[in-house]
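>>> everything below, folded, please.
(chains A, B, C and D)
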There are 2 protein chains.
Amino acid sequence: MRSSSVTDPDAPPAELPPALPEPAREDLRLETVLAALSDPLRLTIVRKLLLEREAYDHPCGWFGFDRPKSSLTHHFKALREAGVLRQRQYGLERRSRVRTEDLNARFPGLLDLVEEWQPAS
Amino acid sequence: MRSSSVTDPDAPPAELPPALPEPAREDLRLETVLAALSDPLRLTIVRKLLLEREAYDHPCGWFGFDRPKSSLTHHFKALREAGVLRQRQYGLERRSRVRTEDLNARFPGLLDLVEEWQPAS
DNA sequence: CCTCCAGTACGAGATTAGTCGAACTACTCC
DNA sequence: GGAGTAGTTCGACTAATCTCGTACTGGAGG
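Purely as a prediction, here's the structure:
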């Protein structure tokens, strides 16, 4: 394939910021993913992202949680390190999206369960 | 009670010992079930039961784990209280089975993931 | 009766996870 | 440069979980 130059000004769509470190698809572990999803706040995060999947990635302020920022960092990091979310740095903000393709390939049906989840009364 | 036979695994369903306390199907919570399944030993328990689903319920000695009995009690109880297993007392031993119908009704596809799970190398 | 057996209950120690405040970094815009 | 903003990092505290030894219970069979 064509040798890609270090900085190619003629490649408009391929300029996504790099993703933060995350496990590769084949390294995803069911027990780790389930542990990450076994928290109501994190289930809420993933479900909200799934229901808005057509829109762009969302920064963590978008969710409107009334929690200290350090708590949110903790949970987003847990989801990313488990392989549930991919995060990219867009200028100031770090936007997240669900790794739908990877998760559906490795654990088909799992995201459907999350999508239909409802928080406890 | 009929005759002097030992506890009979072939007993008709009407004579099953009562199940230990467990959450009703409609009370099953996804986050609780996922937490119960996020442990490798418990995943092994459930998977082994699923792969032997045609056989009768299994007592916890059947699994052949090299762990103290009190640890096993802990994990079986966690699975039962989350609603993953049903346990019945057959004479001396307490036999477990997966609540396949309930779980498939509430969380379709989840047990398939467990069935295909493989422990880490 | 008394012993064996499957499993529970209790409780301690170690580890991990969640929660949060406070200080900090990195980017943007004026 | 300075202010404001989005989020991180650190450290502390608390709560939950895992692991396991020991003691116990409750049948089954002699």
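
>>> now the residue nearest the centre of chain A: how far from DNA strand D?
Among the residues of chain A, residue A:85 comes closest to the average C-alpha position under Cα atoms, centre = their mean, at 2.0 Å. Separation of residue A:85 from DNA strand D (Cβ to the nearest atom of the strand, to the nearest Å): 11 Å. For the C-beta atoms, the positions are set from N, CA and C on the backbone; glycine is no exception.

>>> do the same with residue A:101
With distances taken as Cβ to the nearest atom of the strand, residue A:101 is found 23 Å from DNA strand D.

>>> what's the helix or strand for that residue?
Element membership of residue A:101 [criterion: DSSP states H and E] is helix A:100-106.

>>> tell me the first helix or strand C-terminal of that helix.
Per DSSP H and E, helix A:100-106 leads on to helix A:110-116 as the next helix or strand towards the C-terminus.

>>> any bit of that following helix sitting next to chain B?
Yes. Judged by Cβ under 8 Å from any Cβ of the partner chain, helix A:110-116 comes into contact with chain B through A:110, A:112, A:113, A:114.

>>> for that helix, what is the average pLDDT?
Within the predicted structure, the mean pLDDT of helix A:110-116 is 98.

>>> counting by contacts, list what that helix packs against.
Helices and strands touching helix A:110-116, as assessed by 3 or more Cβ pairs under 8 Å, 6 or more residues apart in numbering or on different chains; DSSP states H and E, comprise helix A:30-37, helix A:40-51, helix A:100-106, helix B:110-116.

>>> distance to residue B:52 and mean neighbour count for the ones you listed - can I get that in CSV?
Rendered in CSV, the data for those read as follows (distance: least, Cβ to Cβ, whole Å; neighbours: other Cβ atoms under 10 Å in any protein chain shown):
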stretch, distance to residue B:52, mean neighbour count
helix A:30-37, 20, 22
helix A:40-51, 31, 18
helix A:100-106, 25, 15
helix B:110-116, 11, 18
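
>>> pretty sure the residue nearest to the centre of chain A contacts residue A:102?
No. Residue A:85 lies out of contact with residue A:102 (Cβ atoms under 8 Å); the separation is 10.6 Å.

>>> which elements pack onto the helix holding residue A:101?
With contacts taken as 3+ Cβ pairs under 8 Å, 6+ apart, helix A:100-106 sits against helix A:110-116.

>>> got the contact list for the helix it packs on?
Contacting residues not belonging to helix A:110-116 are listed as A:33, A:37, A:43, A:46-47, A:50-51, A:98, A:100, A:103-104, B:30, B:107-110, B:113 [Cβ atoms under 8 Å, 6 or more residues apart in numbering or on different chains].

>>> show me what from chain A comes close to DNA strand D.
Taking Cβ under 7 Å from any atom of the strand as the criterion, the neighbours of DNA strand D within chain A are A:59-61, A:69-70, A:72-74, A:76-77, A:87, A:92-95.

>>> ChimeraX command for the buried members of the residues you listed?
Selecting just the buried residues from these in ChimeraX takes one command, with 16 or more other Cβ atoms under 10 Å in any protein chain shown as the test:
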select /A:60,72,76,87,94,95
